[in-house]
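Enquirer: return a 3D structure for these sequence lines:
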Amino acid sequence: CGSENKARYTNLNPAENLVDWVVDEVDRMGSGWCPPGIVSIGVGGTAEKAMLIAKEALNEPINMSELLLAGPQNRTEELRVELYERLNALGVGAQGLGGLTTVVDVKLSSYPCHAASKPVAVIPQCAANRHISFSLDGRGAAVLPQPDLTEWPQVDGGLGLGSRQLNIDTATREDLLEIPVGEQVLLSGTIYSARDAAHRRIAEYLEAGRALPVNLKGKFLYYVGPVKAVDGEVVGPAGPTTSARMDRFTKLMLKDVGILGMIGKAERSAAVAELIARYTAPYFIAVGGAAYLISKSIKKAEIVAFEDLGMEAIHRFEIKDMPVMMAIDCNGNSIHEKGKRMWRTSAKTGGNP
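Expert: Numbering: from 1, shown residues only. Next up, the predicted model:
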């Protein structure tokens, strides 16, 4: 849903530049859609038609490498290549951490429309982009090919360069101050889930002068709504949601509730970065699109408050070596701002950051 929520629509004047508008919108999207992925554009028809053809084009095969090799043969392909190059030059990169691969393909679909308008829709698709084709001919279930795992590099999941382990049950604010922005961390200990509905309920409790049903002081919040466990699982897929939606509650959570830190996905506002520095309560990011893999670091899960909210209830998780990265450190430094700035400059100069 992070990518779906970033869909954009406008009616451009016919003489306005389509590419400029798309580039500006993707730049403003930030990284909540979990790049690198596909950006699909629908041009023409009506508002609903532009959105529909943009969504349909997301299902087309990824073929940008072939297009670049053969060279564009028509105006549509020229626009695809121009957008591909300009979007990657933004420096957003994988997970918004900076880099020259923000999109792996750009799709563009058009439809006739009135000469006085130019409906334009843009829909991004996240890195967890899964394409497969099969035919149903009435003879039974479709047989889907299994990927060859040897085609991917071996990852041991251990500590790499610039990484550390951290037990957040015993960590102090002084310990958190030592972790610089961009460092990889394996978290262990106790964390609590809380996303939109839980934050709103907490705010209502505090406004009414009611005690919270769970003490979150000195604890880490994970912005997640876990899937219900099945077949003996501890918890279902539990990937981070886009943290910016919780920005309006952050001061309340830091000042009045007294949380120690946050875990989520994508960038936060400048105001939140200032609050993080003021309250020495850092913000870590987990990998968007890896919900099933992240759930394997959760060793125990139970609902402790607001059970009526379903997946948005507050859960207590016991975690072991949950992989995260310091996204905004206790001094307010942001990896999303730093990374994009470095790589955007690199793209302009043709060098490395």
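Enquirer: domain parsing of the protein, as residue ranges.
Expert: For the chain, the structural domains run 4-125, 164-338, going by the TED database.
Enquirer: any chance of JSON lines for these, columns distance to Pro153, mean neighbour count and mean pLDDT?
Expert: C-beta: built from backbone N, CA, C; applies to glycine. As requested, the domains of the chain are exported to JSON lines (distance: least, CB to CB, whole Å; neighbours: other CB atoms under 10 Å; pLDDT from 0 to 100):
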{"stretch": "domain 4-125", "distance to Pro153": "15", "mean neighbour count": "18", "mean pLDDT": "94"}
{"stretch": "domain 164-338", "distance to Pro153": "15", "mean neighbour count": "18", "mean pLDDT": "94"}
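Enquirer: mind checking which of those is nearest Ala141?
Expert: Relative to Ala141, the nearest member of the domains of the chain by CB to CB is domain 164-338, separated by 20.3 Å.
Enquirer: and that closest one, end to end?
Expert: 21 Å (CA to CA, to the nearest Å).
Enquirer: stretch 109-129 now?
Expert: Using CA to CA, the two ends of stretch 109-129 sit 19 Å apart.
Enquirer: stretch 109-123 now?
Expert: First-to-last residue span, stretch 109-123, CA to CA: 12 Å.
Enquirer: ditto for stretch 275-290
Expert: 28 Å.
Enquirer: returning to that earlier point: okay, the domains of the chain in JSON lines with distance to Ser133 next?
Expert: Formatted as JSON lines, the domains of the chain follow (distance: least, CB to CB, whole Å):
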{"stretch": "domain 4-125", "distance to Ser133": "9"}
{"stretch": "domain 164-338", "distance to Ser133": "21"}
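Enquirer: helix or strand next in line after the longest strand seen in the chain, which one?
Expert: Counting residues, the longest strand found in the chain (DSSP state E) is strand 314-328. Next along the chain after strand 314-328, taking DSSP states H and E as the criterion, comes helix 335-349.
Enquirer: and Glu151, what pLDDT?
Expert: Reading off the confidence values, Glu151 has pLDDT 83.
Enquirer: and it, how many neighbours does it have?
Expert: 6 (other CB atoms under 10 Å).
Enquirer: use 553 as the first number for this chain going forward.
Expert: New numbering, starting at 553: the last item is Glu703.
Enquirer: now it. Its backbone dihedrals?
Expert: Main-chain torsions, Glu703, degrees, to the nearest 10: phi -80, psi -10.
Enquirer: show me the contacts for Gly589.
Expert: Residues counted as contacts of Gly589 (CB atoms under 8 Å, 6 or more residues apart in numbering) are 555, 655-656, 676-679, 681.
Enquirer: who's it bridged to?
Expert: Following DSSP bridges, Gly589 is listed with bridge partners Val655.
Enquirer: re the thing from before, show me which pair in the contacts of Gly589 is furthest apart.
Expert: Within the contacts of Gly589, Ser555 and Val656 form the most distant pair, 13.3 Å apart (CB to CB).
Enquirer: report back the residue of this protein that's furthest from centre.
Expert: Centroid-distance maximum for the chain: Arg691 at 40.1 Å, with CA atoms, centre = their mean.
Enquirer: confirm that residue sits in a strand?
Expert: No - counting by DSSP: H, G, I helix; E, B strand; the rest coil, Arg691 falls outside a strand, being coil.
Enquirer: do you know how far it is from Pro697?
Expert: For Arg691, the distance to Pro697 equals 17 Å [CB to CB, to the nearest Å].
Enquirer: same check on Val776?
Expert: From Val776 across to Pro697, the span is 32 Å (CB to CB).
Enquirer: kindly report the same for His867.
Expert: Distance from His867 to Pro697, by CB to CB: 36 Å.
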